[in-house]
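A.B. asks: Would you be able to build a 3D model of this:
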Amino acid sequence: DIDTTIDLPAIVVIGEQSSGKSSVLEALSGISLPRGGQHMTTKCPLELRMRRASTWHASLECSGRIIRDNIPTAHDIGQYINTEQNRLTNNHDQISKQVLLVNVQASWLPNLTLIDLPGITQVTSRQQDSGSVDIIQELIQDYLDRPSTIILAIIQACNDI
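C.D. replies: Modelled structure (predicted):
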């Protein structure tokens, strides 16, 4: 397996909370991800490992444990991610450092890893733990420190920069 012998590049999306990071990854991959809404969507690092293969197969892992194997379609993946994120955060707008790993194989996929991180916030909401800002910064720094990381910065088009 090439993943274990070569440190392949991974594209990491970084941007403000609710800036459209997950939407961009969904558009790039064709894989359904949790998106939008009034509350925080991405609550932990999500690694989407896509591999070209002749048949469809998708699974969700956390901490080396398979949470769900044989996910039926690309459209179903988002609901399993959402359920597991809520379990990790006790259904609150909290941040978890635990990585959710989605392994997907299909004939139409490139050999590519996309990583979705919780969005950058300057202040926490009433539902968030006060340490969330620091945890998000630590997660971002961890991925930035990896030499194989390619950064995809996401900025809302309406932001005046």
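A.B. asks: So what's the residue count around residue 82?
C.D. replies: For residue 82, the tally of surrounding residues (other C-beta atoms under 10 Å) stands at 16. In this view, the C-beta of every residue, glycine as well, is placed from N, C-alpha and C.
A.B. asks: residues touching it, list them.
C.D. replies: residue 34 (C-beta atoms under 8 Å, 6 or more residues apart in numbering).
A.B. asks: same check, this time on residue 150
C.D. replies: Residues in contact with residue 150, defined by C-beta under 8 Å, 6+ apart, are 9, 10, 11, 12.
A.B. asks: out of those, which are buried?
C.D. replies: By neighbour count, with 16 or more other C-beta atoms under 10 Å, those hold 10, 11, 12 as buried.
A.B. asks: and the residues you listed as JSON lines, adding distance to residue 29 and pLDDT?
C.D. replies: As requested, those are exported to JSON lines (distance: C-beta to C-beta, whole Å; pLDDT from 0 to 100):
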{"residue": "10", "distance to residue 29": "13", "pLDDT": "93"}
{"residue": "11", "distance to residue 29": "10", "pLDDT": "94"}
{"residue": "12", "distance to residue 29": "14", "pLDDT": "93"}
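A.B. asks: and the residues you listed, which of them are in strands?
C.D. replies: The members of the buried ones among the contacts of residue 150 that map onto strands under DSSP state E are 10, 11, 12.
A.B. asks: who's in contact with the last one?
C.D. replies: Residue 12 makes contact with 115, 117, 143, 144, 149, 150, 151, 152, according to C-beta under 8 Å, 6+ apart.
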